[in-house]
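> Here's my sequence, what's the structure:
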Amino acid sequence: MLVLVAPGQGAQTPGFLTPWLDLPGAADRIAAWSEAIGLDLAHYGTKADADEIRDTAVAQPLLVAAGLLSAAALGEVSPGVVAGHSVGEFTAAAFAGVLDDTAALRLVRTRGLAMAEAAAITETGMSALLGGDPEVTVPHLEKLGLTAANVNGAGQIVAAGTLEQLAALEADKPEGVRRVVALKVAGAFHTHHMAPAVAKLEEAAKELSPAAPTTRYVSNKDGQVVADGAEVVARLVGQVANPVRWDLCMETFQALGATALIEVCPGGTLTGIAKRALPGVATVALKTPDDLDAARTLIAEHAAV
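Reported below is the predicted structural model:
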């Protein structure tokens with residue numbers, strides 16, 4: 001059984017979209033999406049520097065567009081499950097047919113702008129903790145006033161809060177944590193700091209007509225399969241200010257019998273976690289079009305008939 005997943009913010013790197021635009025029809029598709037959302041995706045995906053694409057309002061639609069573009073390049077895919085990490089949930093919602101590509105990009109453009117505004121209120125950020133036991137780490141973060149914003153599994157938790165709180169974490173690591181790594185994001189996502197963005201997304205979501213998922217869609221909220229389109233959208237909205245439980249998503253993949261996992265562009269982060277947390281599950285990360293053949297081979301061996 002094949003799982004198709006989409007990465008979240010922080011996976012972007014300067015120029016990562018460049019090789020994808022050489023594929024037939026890719027540049028036209030990106031141009032159409034750019035016009036629809038009022039953002040030059042081709043420029044940001046090929047010419048912009050790391051600081052420009054760190055901007056939440058840019059990074060989020062850029063990541064969703066890259067995921068959709070790379071998935072389309074695979075051709076016909078019949079995954080048994082789709083899911084995305086944080087903003088990658090919007091990509092997954094399009095994979096599942098809940099939203100069409102343009103609707104997903106418009107909503108995520110609103111999300112990025114709203115979250116950037118919320119992030120500007122207080123200087124906040126996120127840091128990944130490598131190693132440690134969640135039962136020890138989470139209470140330690142709470143003691144410092146931080147939130148365990150991403151519980152990713154395989155020993156990785158992402159803390160979020162003010163820059164002062166994150167500096168205190170650097171000086172006072174939880175027992176067992178080897179390293180604290182600052183992430184390439186511009187705010188404390190999936191925490192109470194993002195509450196102002198939720199209201200704006202709720203308004204934007206009223207304009208949508210979501211369809212029921214055509215593929216099993218696994219939610220970041222609790223790792224559960226969600227079968228109702230309106231519920232998927234409601235969770236996309238609320239998830240902005242709630243922790244990502246990727247550990248529970250992977251437990252669901254395993255329970256449903258996952259044998260292979262493909263991570264769309266810019267792949268690498270989620271396949272890295274899966275290699276540690278889902279032993280025996282074959283993985284391919286779509287980093288460049290050179291990875292498409294390996295992914296197609298995996299699809300042929302593991303996709304639903």
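> Just the buried residues of the longest helix seen in the chain, please?
Within the chain, and with DSSP state H defining each element, the longest helix by residue count is helix 101-121. By 16 or more other CB atoms under 10 Å, the buried positions in helix 101-121 come out as 101, 103-116, 118-119. Every C-beta, even on glycine, is put in place using the N, C-alpha and C of the backbone.
> Stretch 266-275 now?
In stretch 266-275, counting by 16+ other CB under 10 Å, buried: P266, G267, T269, L270, T271, G272, I273, A274.
> about what we covered before: mind giving me the packing neighbours of the longest helix of the chain?
helix 26-37, helix 56-73, helix 88-95, helix 195-205 (3 or more CB pairs under 8 Å, 6 or more residues apart in numbering; DSSP states H and E).
> winner for burial among the ones you listed?
Of all these, helix 88-95 has the most neighbours on average by mean count of other CB atoms under 10 Å, namely a mean of 28.
> by how many degrees do it and helix 56-73 diverge?
Orientation check (axes from the mean of the first three to the mean of the last three CA atoms, to 10 degrees): helix 88-95 against helix 56-73 gives 40 degrees.
> Helices along this structure, start to end?
Going by DSSP H, the chain shows helices at 26-37, 41-46, 50-54, 56-73, 88-95, 101-121, 134-143, 163-171, 195-205, 229-238, 246-255, 269-277, 292-302.
> can you put these in JSON lines and add mean pLDDT and distance to R216?
Compiled in JSON lines, these are given as follows (pLDDT from 0 to 100; distance: least, CB to CB, whole Å):
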{"stretch": "helix 26-37", "mean pLDDT": "98", "distance to R216": "26"}
{"stretch": "helix 41-46", "mean pLDDT": "98", "distance to R216": "29"}
{"stretch": "helix 50-54", "mean pLDDT": "93", "distance to R216": "31"}
{"stretch": "helix 56-73", "mean pLDDT": "97", "distance to R216": "16"}
{"stretch": "helix 88-95", "mean pLDDT": "98", "distance to R216": "10"}
{"stretch": "helix 101-121", "mean pLDDT": "95", "distance to R216": "18"}
{"stretch": "helix 134-143", "mean pLDDT": "94", "distance to R216": "26"}
{"stretch": "helix 163-171", "mean pLDDT": "95", "distance to R216": "36"}
{"stretch": "helix 195-205", "mean pLDDT": "94", "distance to R216": "22"}
{"stretch": "helix 229-238", "mean pLDDT": "97", "distance to R216": "11"}
{"stretch": "helix 246-255", "mean pLDDT": "97", "distance to R216": "9"}
{"stretch": "helix 269-277", "mean pLDDT": "95", "distance to R216": "17"}
{"stretch": "helix 292-302", "mean pLDDT": "95", "distance to R216": "15"}
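> Nearest to N152 among the ones you listed would be which one?
Evaluated over those, closeness to N152 peaks at helix 246-255, with 4.6 Å, by CB to CB.
> can you give me the angle that closest one makes with helix 88-95?
40 degrees.
> With just CA atoms, put helix 246-255 into PDB.
Provided in PDB are the C-alpha atoms of helix 246-255 (Å, rounded to 0.1, in the frame of the first residue of the first chain):
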ATOM      1  CA  TRP A 246       3.000  13.500  12.500                       C
ATOM      2  CA  ASP A 247       3.800  10.600  14.900                       C
ATOM      3  CA  LEU A 248       0.200   9.700  15.000                       C
ATOM      4  CA  CYS A 249      -0.100  10.000  11.200                       C
ATOM      5  CA  MET A 250       2.700   7.400  10.800                       C
ATOM      6  CA  GLU A 251       1.100   5.100  13.300                       C
ATOM      7  CA  THR A 252      -2.000   5.200  11.100                       C
ATOM      8  CA  PHE A 253       0.100   4.500   7.900                       C
ATOM      9  CA  GLN A 254       1.400   1.500   9.700                       C
ATOM     10  CA  ALA A 255      -2.000   0.300  10.900                       C
END
